[in-house]
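*Asks:* pasting a predicted model and its sequence here:
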Amino acid sequence: METQEHPYGKAVATLIEEFGHLPGIGRKSAERLANHILSCTLAEANALADAIRNVKTSVKRCSMCFNLTEDTLCRICRDPRRDQHVVCVVEQPKDVVALESSGAFSGLYHVLGGRIAPLEGVGPEDLTIHQLVHRIRKQGITELVMATNPTLEGDGTALYITNLLQNDKVRITRLARGIASGSVLEFANREMLADALRGRQQF
C-alpha cells in the first residue's frame, strides 16, 4: 500500500500505511484502525504499542519444537504428562493451537515454520526439517504424525520428510482426511480435528 497524503497529515498517512501491511487489511480497514487509534486515549494507545513491543522482545521459538514461547522450552515440551515418543509435525504455531483445542492429542509437536514451496523460494533448508530428523534419532521418537495442511505444498512437505526417514524405525502416520483437501488446520472445528487425530493412518 502506497502512502497517500491524508487530510490529517503525514503521521496519520503513515499509520494507515503500516496497518495496511497487516494480512487481510485493506485500505478501508486500515483507515478504520487508524481512526480508532486517534479516538482512543493516550494510555490505551500506549498499552497497544507496549504489547506489540513486548511480544517482539519476549516471545521466541522453543529450542525443542520451535513453537512460540517466552521460555527456553514451551509449555507443551515442559509437560511431563505428554507422550514423549509421539511427535505431531505442523507448519505453523497456529496449527498447534488448533490441534490442542481438539483435546485429542497428548504427544509433543514440531513446528516446521512453513512448507516446501519452490515457486515461493522456500526449500527444505528454510524449514526446521534437519532439526526434526535429529530430534527423532536422538530422542527415540516412535511415531511421527504428519499434520501439514492438506494442500499440494503441505502434502509434498510430508512426503519429503517421509522419504528422509524411510530407513529409520519410526512409524509415520497422517491425519485422517476428514479435513478437506486444500483447507488449512486453523479453520477446522475442534470435532473435525479430534476425528482426524484419532483416525490417523499410516502414511
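*Replies:* On my side now, so go ahead.
*Asks:* can you give me phi and psi for residue 93?
*Replies:* Summarising the backbone geometry of residue 93 under the convention degrees, to the nearest 10, its torsions are phi -60, psi -30.
*Asks:* my guess is it contacts residue 67, does it?
*Replies:* Yes. Judged on CB atoms under 8 Å, residue 93 makes contact with residue 67 at a distance of 5.3 Å. C-beta: built from backbone N, CA, C; applies to glycine.
*Asks:* joint contacts of those two?
*Replies:* Residues touching both residue 93 and residue 67 comprise residue 111, with contact defined as CB atoms under 8 Å, 6 or more residues apart in numbering.
*Asks:* tell me the mean pLDDT for stretch 103-118?
*Replies:* Averaging pLDDT along stretch 103-118 yields 96.
*Asks:* do stretch 42-51 as well
*Replies:* Across stretch 42-51, the per-residue pLDDT values average to 96.
*Asks:* quick one: contacts of it?
*Replies:* Defining contact as CB under 8 Å, 6+ apart, one finds that stretch 42-51 is touched by residue 37.
*Asks:* name the residues of it that are buried.
*Replies:* When neighbours are counted by 16 or more other CB atoms under 10 Å, no buried residue of stretch 42-51 is found.
*Asks:* again, but for stretch 107-126
*Replies:* Using 16+ other CB under 10 Å as the test for burial, stretch 107-126 gives 107, 108, 109, 110, 111, 112, 113, 114, 115, 116, 117, 122.
*Asks:* tell me if I'm right that residue 68 and residue 76 touch.
*Replies:* No. The pair formed by residue 68 and residue 76 falls short of the contact definition of CB under 8 Å, at 10.9 Å.
*Asks:* in the chain, which ranges drop under the pLDDT threshold?
*Replies:* Counting by pLDDT under 70, the ranges of the chain that qualify are 1-6, 8, 177-189, 191-192, 194-196, 198-201, 203.
*Asks:* quick one, helices of it?
*Replies:* 10-20, 27-39, 42-58, 75-78, 93-102, 129-139, 152-164, 190-198 (DSSP state H).
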